[in-house]
Every structure is written in C-alpha cells, then in structure tokens.
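Chemist: need a 3D model of the following:
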Amino acid sequence: MNPNTPRAPDPCLTRRGLLGSALGLSVMSLLGSPVLLAQAAASVAFTKDQRDQMTPDEVLEMLRAGNERFRAGKMHPHNYLAQKQQTASGQYPAAAILSCIDSRAPAEILLDTRIGDTFNARIAGNVVNDDVLGSLEFACAAAGARVILVMGHTACGAVKGAIDNVELGHLTGLLEKIKPAVAATTYSGERSGKNAEFVDAVARTHVQQTVEAIRKHSAVLAPLAEQGKIKIVGSMYHLRGGRVEFLA
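Modeler: You can find the predicted model right below:
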C-alpha cells in the first residue's frame, strides 16, 4: 500500500460506528443471554418473545446490573418517546416491584429500567394488602412477569411511624401491617424511631415478612414460585450509596 494514499476512516471511529458500539454495549449490559442480545438489538422495549425467554434469575441479574449502572452514574440514555411508542400497543414487563412511596426511592430509576420493563406498585411502607396482592397476581399469572421484587429502604418514615405507634386517619391501619415486624426484630439497643439502626433492622424484617405473606396468602402466586416459574425476592435500597441489596 502506498503510504501516501489516504486511509479510509475506521468505521469504529465514525459517528455511526460509535453509536452502534454504544448501542451494542447498552444491550449487552442489559441482557446476558446471547439469544436475547440478538433479539433486543433493534428494540427499545421487550417483545413478548424476549421476555418469555428470560428466566427469573436472568431478570434478577438485569435488575442488579441496572442498579450497578445507577450507582456508577452510567445509566443508559433512555429514549422515552421511542419506548412509549413501542409499548403503546402492548406491554411485556419482566418483573413486578412492590416498593415504598418515598420520593427518594423510585424503583424504575434505581434499577435503570425502561418503559415497559417492570410493573410498579408503590405504597407507604411497601405493605401488601388484598389490592396489592391482586395486582401482583395479575402481573405474574396474567401478564407473564418472572419476578416479584419487594423493595424496602433505609430511613423509612412508615417504619418509624409503626415503631412509635403514630396514629393519623387511615395511616393508622396501614402502620398496623408493619408492627408485626417491630415485634419480630431482635435488637438489643434502643427500640425507637429515633434510632436509625433499629428502624433499618425493622424495615429489613418487614420486607422478609412481606415476601412470606405474598407466598402465604396468594393461592395463585405460591404454586408459580414452587414450580420455579417466578421468584419472589426481598431487597433493601440504601439511601446512602444507592445500593439495592437483594436479600436471600
């Protein structure tokens, strides 16, 4: 080759090449399966086939990876308009998340998910009642979600209220659903809402009890979990540091 002949630009360094590389890395970090990678390459939201091929463990790994991106400040650039358009005619979420209404704990952002990736139920103290349970049954048994993730968080105001026996209108009844976790939490220090460590310990117990309550009180979800078709998992979001801790 003549050294004076201009070289063609490296396609990896062109704007289109960089964009393609970024898209490839984005999809690869979202989905681990080679089959899913190929299918999702041109997609901004799950298709039914993509979602249905995922195992519960793969869905959990997707959520873990999303939280790692969130913590690292490397979240995917979301084209919400495109996601909205693709999901307008149908949705195929892979998970259903039960979390708290706390403004600092928006699950979709903390897990770096797209429109259409997850069902999201938010209620103070991430408590489960008949309506929430029915929503989770719809998400998994009717709509095909593979995972139910119960997400508590540190410094939860509802947990503090349950510890301190707060009474306020309908909130009083809601806090009653958290109080069993207060009694069940083994702790040798100050057992009050002023003790942040105790509050977080109760929040963790409450998540674990909520996971068990879902299994116990849903004749629809329990068999799906026993058959391995879904997983019901607890987690704690740490306000300081941004980590979502997945509980065994």
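Chemist: low pLDDT regions in this protein?
Modeler: Regions of the chain meeting the criterion pLDDT under 70 cover residues 1-43.
Chemist: okay, now the domains of it?
Modeler: 11-42, 55-247 (automatic domain parsing).
Chemist: leaving out chain neighbours, which residue sits closest to residue 175?
Modeler: Of all residues not flanking residue 175 in the chain, residue 162 sits nearest, at 4.4 Å (CB to CB, 6 or more residues apart in numbering). From N, CA and C alone the C-beta is placed, and that goes for glycine too.
Chemist: what count of nearby residues applies to residue 160?
Modeler: 22 (other CB atoms under 10 Å).
Chemist: which elements pack onto the lengthiest helix in the chain?
Modeler: Criterion DSSP state H: the longest helix present in the chain is helix 196-217. Helix 196-217 is packed against helix 130-137, strand 147-153, helix 157-163, helix 179-184, helix 221-226, strand 231-237, strand 244-247, with contacts defined by 3 or more CB pairs under 8 Å, 6 or more residues apart in numbering; DSSP states H and E.
Chemist: the domains of the chain: which one's closest to residue 49?
Modeler: domain 11-42 (6.6 Å; CB to CB).
Chemist: ok, back up a step: please identify the buried residues of the longest helix of the chain?
Modeler: 198-211, 213-214 (16 or more other CB atoms under 10 Å).
Chemist: among those, which two are most distant?
Modeler: 198 and 214 (24.9 Å).
Chemist: between the longest helix of the chain and helix 130-137, how many degrees?
Modeler: Interaxial angle, helix 196-217 versus helix 130-137 (axes from the mean of the first three to the mean of the last three CA atoms, to 10 degrees): 70 degrees.
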